[in-house]
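[1] got a predicted structure here, sequence first:
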Amino acid sequence: AFAAEPNTLTAGEKDAGWRLLFDGQSLAGWRGFRTDAPGSAWTVKEGALMNGGKTGDLMTTGVFGDFDLSFEWKISDGGNSGVIYRIALGEAATYRTGPEYQVLDNQKAVDNKLPNHLAGSLYDIGRPPPKDVTKPVGQWNSGRIAVRGWRVEHWLNGEKMVELDLAAPEGKAAIAKSKFKDWRKFASAPRGFIALQDHNAAVSFRNIKIRNLDNR
């Protein structure tokens, strides 16, 4: 079980190799996608990393290969965001190279029409989440992304939402049917950055912790 106190690690978590990506107090360890400094709308308030919109994605300064990422998210009314991973630099947007874990108000967001655009989905790729386990807007949801090679798992509030190997025939076929089909560098980097998406909606994150799975 994770620590009761947000943005801290238990001794057991430390022993298991977890480390915090967000210290609960500052933007240390984070940058913008195209800038060294985070966008001005990203702030820290009451132990949460918050975005007010229109300032660009917030990205880790470090890159990760195989990993287990755990985080909590809270979305605004009708809001949309995401966690994008294995991002490479040099493209126009984070999502041109990195797959996205969707963060959404499933009830009121404009982008709630397609099942594989709902919260916890591998955005626009493959099968939709089996069920909606999101908490009401304003409450914290727990998310998890595990990546080994290109086998991806998404979890939401303890339920597995997605399991797909993007490098295997099934995964490649799913990408070929998605909006990413013509983006040559999509889901190709063996290591990359992780970003919290600015989708012009208020969103909060906390308890962002990662465990390196390389060579495990």
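    Yep, it's here. Residues are numbered from 1 along each chain as shown.

[2] which parts of this structure are strands?
    Along the chain, counting by DSSP state E, strands occupy 18-20, 30-32, 42-45, 48-51, 58-60, 67-75, 80-87, 100-104, 141-148, 151-156, 159-165, 193-196, 203-212.

[3] just name the most buried of these.
    strand 100-104 (a mean of 27; mean count of other C-beta atoms under 10 Å). Bear in mind the C-beta positions are built from the backbone N, C-alpha and C, glycine included.

[4] who are the packing partners of it?
    If you count contacts as 3 or more C-beta pairs under 8 Å, 6 or more residues apart in numbering; DSSP states H and E, strand 100-104 packs onto strand 67-75, strand 80-87, strand 141-148.

[5] out of everything not next to it in sequence, what's closest to Gln139?
    Lys74 (6.7 Å; C-beta to C-beta, 6 or more residues apart in numbering).

[6] oh, that last question was meant for Lys135, not what I typed.
    Spatial nearest neighbour of Lys135, chain neighbours left out: Asn141 (5.2 Å); criterion: C-beta to C-beta, 6+ apart.

[7] which sections of this structure are below the confidence cut-off?
    For the chain, the stretches flagged by pLDDT under 70 are 1-4, 216.

[8] list the contacts for the residue positioned nearest the centre of it?
    With distances taken as C-alpha atoms, centre = their mean, the residue of the chain nearest its centroid is Val83 (1.9 Å). Contacts for Val83 (C-beta atoms under 8 Å, 6 or more residues apart in numbering) come out as Leu69, Phe71, Trp73, Glu100, Tyr101, Val103, Gly143, Ile145, Ile194, Ala195, Leu196, Gln197.
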